[in-house]
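# Have a look at this fold, sequence not included:
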């Protein structure tokens, strides 16, 4: 009998990062986020991978989110006009910001509340 090759992606396949909309017209909608892939979140279906709301306070491309498997965290980048807020503080635009599972993100100062979970 031949040796069985180990499943190198077994641990990674057990990780299921998701983005959950906590407020707004799409409340409770969930999206699976692929590991180590940048995903654009915004209001324009032509310019964003995930559309969270059509509220004009949300930019067409509002933020970029990625689950970093090797560091076991989410990476967020604000690319918006009206900001991305974590724990009430606006994060610096065009700068990577690491957050843990369970973090809630307020975009456009109240237009939509999101949560990142594993």
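Ah, there it is. All figures in this text were calculated on a predicted structure; none of them were measured in a lab.
# which ones are touching the residue nearest the centre of the chain?
Centroid-nearest residue in the chain, with C-alpha atoms, centre = their mean: residue 65, separated by 3.9 Å. Contacts for residue 65 (C-beta atoms under 8 Å, 6 or more residues apart in numbering) come out as 19, 33, 38, 39, 41, 74, 75, 76, 77, 116. (Glycine included, C-beta is placed from N, CA and C.)
# neighbours around the last one, how many?
Residue neighbour count, defined by other C-beta atoms under 10 Å, stands at 21 for residue 116.
# any idea of the pLDDT on it?
Predicted confidence (pLDDT) for residue 116: 97.
# Now it: closest residue in space that isn't a chain neighbour?
residue 74 (4.7 Å; C-beta to C-beta, 6 or more residues apart in numbering).
# my guess is the one you found is in a strand, correct?
Yes - looking at residue 74 with DSSP: H, G, I helix; E, B strand; the rest coil, it is inside a strand.
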